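**Q** Requesting a structural model of the entry that follows:
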Amino acid sequence: MQPQTGTFMKPTIFSSLKNYDRETFVKDLLAGIIVGIVALPLAIAFGIASGVTPEQGIITAIVAGLIISLLGGSRVQIGGPTGAFIVIIAGIIQQYGMQGLMVATILAGAFLILLGLFRLGTIIKYIPYPIVVGFTSGIALTIFTTQVKDLFGLTIDGAVPADFLSKWGCYAHNFGSIDLWSTIVGVGSVLIIACWPYMNKVKYVNGHLSALNKLPGSLIAIIVMTVGVLILKSYGLAESVDTIGDRFRINAALPSPEVPALSWEIIRGLFAPAITIAVLGAIESLLSATVADGVIGDRHDSNQELIAQGVANIVSPIFGGIPATGAIARTMTNINNGGRTPIAGIIHAAVLLLIFLILMPYAQYIPMACLAGVLVIVSYNMSGWRTFRQLLKNPKSDISVLLITFFLTVIFDLTVAIEVGLMLACLLCMRRMAETTQVSVLTDEIDPAEEVDFEATNLEHFKIPDGCEVYEINGPFFFGIANRFEEIMGRMPHRPKVRIIRMRKVPFVDSTGMHNLENLIQMSRQEGIHVILSGVNPKVHEVLMHNDFGTIVGEENIQPHINLALQRAREVLGSL
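**A** Coordinates of the predicted model:
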């Protein structure tokens, strides 16, 4: 199928509902219910880990999930809060408070909409893979680090330090305060989630996947550990295990819409974090949609998907939510359970809303150590350590980008990591392009058998006349190669009377390249050297003409191929 990129603001739901039937609805209904159940513990865990309340995590999954399914460019994308945002959200709240997070999320939503409107959805795909793996693995390690205190029930006086190294130093100093019951709950939760696929042996009933098998391990761990801790506490045991209710006041009512106060000072301070949220959201949502395409054999509209993500991130904070994006795990759960249209995503949001209104008060009994166990598994799955290890076998430049992005994410923050990682990747890309551009000097003859831009009737070798040199540029003529070209010509031991510059293999020329070319022509003219350009392709020719090169070098000295350029060189030499 072809991507739907031709029409402005055409959500996929419209095309999905054509030929929609009862069978498809039943599949979407079942998938939506299951995804809603899967999303529940993750939304609570992501909300708490981000520094907000558990209900804010669920509200994000409801509001953003609904909007992304209604307006998105993918048939099966499921949106909501994800682990990738935990670090950046916690940092914004710590520095700017909840109002700052609202402003940053709304700004990020606006940036995402602009990316979609300007058809820049495909640009996100060009972000180097080592950067994506580097900051994703770094986020995973950071998430794990934030859960150590709750996982082992450590008693720490005051707040846990914010930075990575100080945090581990604090843990080491206070590890003697480990709580046995919290550790049992936390480690037990990790084991249940990790072993659940293997523990559930009853996979099929009457040829169909059993309902028990479809339940996520995280939900099973929460149910088992919550009930277990309640029973133990009724007998006077496990009193030291903290629950959500010990730290948060649960409110099962939908909040009233609230628009944050905006000022230029606030916007300027939150501009960089907002860009980080937008870039991270765009990468994760489009990566999720691309993976889904490969499974269901479809093609998503990346620009429409970015617009939907943008609208979701503008509306979500107004209702108390946090940043959201497409979630790979929930999207794959949707696909694996039969979801094939955005209706499944809408049903998933409806299921979460019902759970929120009816069952949310019971969330207060969930142990914090159990949620820490859920996030430990999330961080492990997110780490991609096998991919990380594989990338360490790549060229040194890729390894450098990977490790620098990873350590900057862990030691500093995601904003710095993405900025520096992209800058390094761009510099390395330019260096590679410069290395691929070759400059050769011909002073004897040219073999027409190797040419594609000569007259086919002329089969003899092209003899380069005495007093003429031919320089051939093979590759882009941009600022990375322009200076090197000047250096090569400057090192030539003698000065010809005519200098032919072959540009048949130059796909583009930038402003620095044109500036250096103009300087070369003027310097050559001062030295009495006549310059002829050969084989300029139409695109480059148009750029040169737009910058008055017809006047600088003379239109008669811009020839379409080498035999005419050599003919022009002979005319010039004959007139000297």
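**Q** remind me which residues of the stretch 451-576 of the chain are low pLDDT?
**A** Applying pLDDT under 70 to the stretch 451-576 of the chain flags residues 451-462, 478-490, 492-493.
**Q** Would you pull up how far the host helix or strand of Val63 lies from the middle of the chain?
**A** Using DSSP states H and E, Val63 falls within helix 54-71. Mean-position distance between helix 54-71 and its chain equals 20 Å (C-alpha atoms, centre = their mean, to the nearest Å).
**Q** Can you give me the distance of Asp163 to Asp179?
**A** 25 Å (C-beta to C-beta, to the nearest Å). Just so you know, the C-beta spots here come from the backbone N, C-alpha and C atoms, and that holds for glycine as well.
**Q** Which other helices and strands does the helix holding Val63 contact?
**A** helix 12-16, helix 22-49, strand 79-80, helix 302-318, helix 342-359 (3 or more C-beta pairs under 8 Å, 6 or more residues apart in numbering; DSSP states H and E).
**Q** And those: which comes nearest Ile558?
**A** Among the helices and strands packed on helix 54-71, helix 302-318 comes nearest to Ile558, with 38.9 Å by C-beta to C-beta.
**Q** partners of the helix or strand that that closest one is followed by in the sheet?
**A** Elements were assigned by DSSP H and E; along the chain past helix 302-318, the next helix or strand is strand 325-326. Here strand 325-326 has these sheet partners by DSSP bridges: strand 79-80 (antiparallel).
**Q** Quick one: mean pLDDT for the partner strand?
**A** The average of the pLDDT scores along strand 79-80 is 96.
**Q** Send me the helix holding Val63 as PDB with only the CA atoms.
**A** Extracted as PDB, the C-alpha positions of helix 54-71 are listed here (Å, rounded to 0.1, in the frame of the first residue of the first chain):
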ATOM      1  CA  PRO A  54      -0.500   7.900  39.100                       C
ATOM      2  CA  GLU A  55      -3.800   9.300  37.800                       C
ATOM      3  CA  GLN A  56      -1.900  11.700  35.600                       C
ATOM      4  CA  GLY A  57      -0.200   8.800  33.900                       C
ATOM      5  CA  ILE A  58      -3.600   7.200  33.200                       C
ATOM      6  CA  ILE A  59      -5.100  10.500  32.100                       C
ATOM      7  CA  THR A  60      -2.300  10.800  29.600                       C
ATOM      8  CA  ALA A  61      -2.900   7.300  28.200                       C
ATOM      9  CA  ILE A  62      -6.700   8.100  27.900                       C
ATOM     10  CA  VAL A  63      -6.500  11.600  26.400                       C
ATOM     11  CA  ALA A  64      -3.400  11.200  24.200                       C
ATOM     12  CA  GLY A  65      -4.300   7.600  23.300                       C
ATOM     13  CA  LEU A  66      -7.700   8.700  22.100                       C
ATOM     14  CA  ILE A  67      -6.400  11.700  20.000                       C
ATOM     15  CA  ILE A  68      -3.500   9.700  18.500                       C
ATOM     16  CA  SER A  69      -5.900   7.000  17.300                       C
ATOM     17  CA  LEU A  70      -8.500   9.500  16.000                       C
ATOM     18  CA  LEU A  71      -6.000  11.800  14.100                       C
END
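**Q** ok and that helix relative to helix 302-318, angle-wise?
**A** Orientation check (axes from the mean of the first three to the mean of the last three C-alpha atoms, to 10 degrees): helix 54-71 against helix 302-318 gives 150 degrees.
**Q** the more surrounded of Asp163 and Asp179?
**A** Of the pair Asp163 and Asp179, Asp179 is the one with more neighbours under other C-beta atoms under 10 Å, namely 18 against 12.
**Q** Next, count neighbours for Glu527.
**A** Using other C-beta under 10 Å, Glu527 has 11 other residues around it.
**Q** Please apply the same query to Leu230.
**A** Number of residues near Leu230 (other C-beta under 10 Å) recorded here: 13.
**Q** Ok, His173 next?
**A** His173 has 11 neighbours, counted by other C-beta under 10 Å.
**Q** could you measure it against Gln147, distance?
**A** From His173 to Gln147 the distance is 18 Å (C-beta to C-beta).
**Q** which residues touch the residue nearest the centre of the chain?
**A** Centre of the chain computed as the mean C-alpha position; nearest residue by C-alpha atoms, centre = their mean is Ile283, 2.3 Å away. With contact set as C-beta atoms under 8 Å, 6 or more residues apart in numbering, Ile283 has these partners: Ile124, Ile127, Val132.
**Q** out of those, which are inside helices?
**A** Val132 (DSSP state H).
**Q** ranges for the strands of this structure?
**A** 79-80, 204-205, 208-209, 325-326, 438-442, 445-446, 462-463, 468-474, 498-505, 530-534, 558-559 (DSSP state E).
**Q** And the closest residue to Met514 other than its chain neighbours, how far from Asp510?
**A** The shortest distance from Met514 to any non-neighbouring residue, by C-beta to C-beta, 6 or more residues apart in numbering, is to Asn547 (5.5 Å). Per C-beta to C-beta, Asn547 is found 11 Å from Asp510.
**Q** One more: Leu262?
**A** 38 Å.
**Q** Any regions of the stretch 301-450 of the chain where pLDDT drops low?
**A** Along the stretch 301-450 of the chain, segments meeting pLDDT under 70 span 434, 436, 443-445, 447-450.
**Q** quick revisit: give me whichever of the strands of the chain is most buried.
**A** Mean neighbours per residue, mean count of other C-beta atoms under 10 Å, is largest over the strands of the chain for strand 79-80, with a mean of 34.
**Q** From Leu402, how far off is Lys393?
**A** Distance check for Lys393 against Leu402: by C-beta to C-beta, it reads 11 Å.
**Q** Which one's more surrounded, these two?
**A** Neighbour count, other C-beta under 10 Å: between Lys393 and Leu402, Leu402 has more, with 25 against 8.
**Q** from what I can see the more buried one touches Gly134, true?
**A** Yes: counting by C-beta atoms under 8 Å, Leu402 touches Gly134, with 4.7 Å between them.
**Q** which one of the contacts of Ile283 sits closest to Gly51?
**A** Val132 (24.7 Å).
**Q** What residue spans form the domains of this protein?
**A** As given by automatic domain parsing, the domain ranges for the chain are 23-387, 437-575.
**Q** wait, which of those domains is closest to Cys429?
**A** Nearest to Cys429, of the domains of the chain and by C-beta to C-beta, is domain 23-387 at 7.9 Å.
**Q** Compute the first-to-last residue distance for that closest one.
**A** Using C-alpha to C-alpha, to the nearest Å, one end of domain 23-387 lies 39 Å from the other.
**Q** repeat for stretch 531-551
**A** When the termini of stretch 531-551 are compared using C-alpha to C-alpha, they are 13 Å apart.
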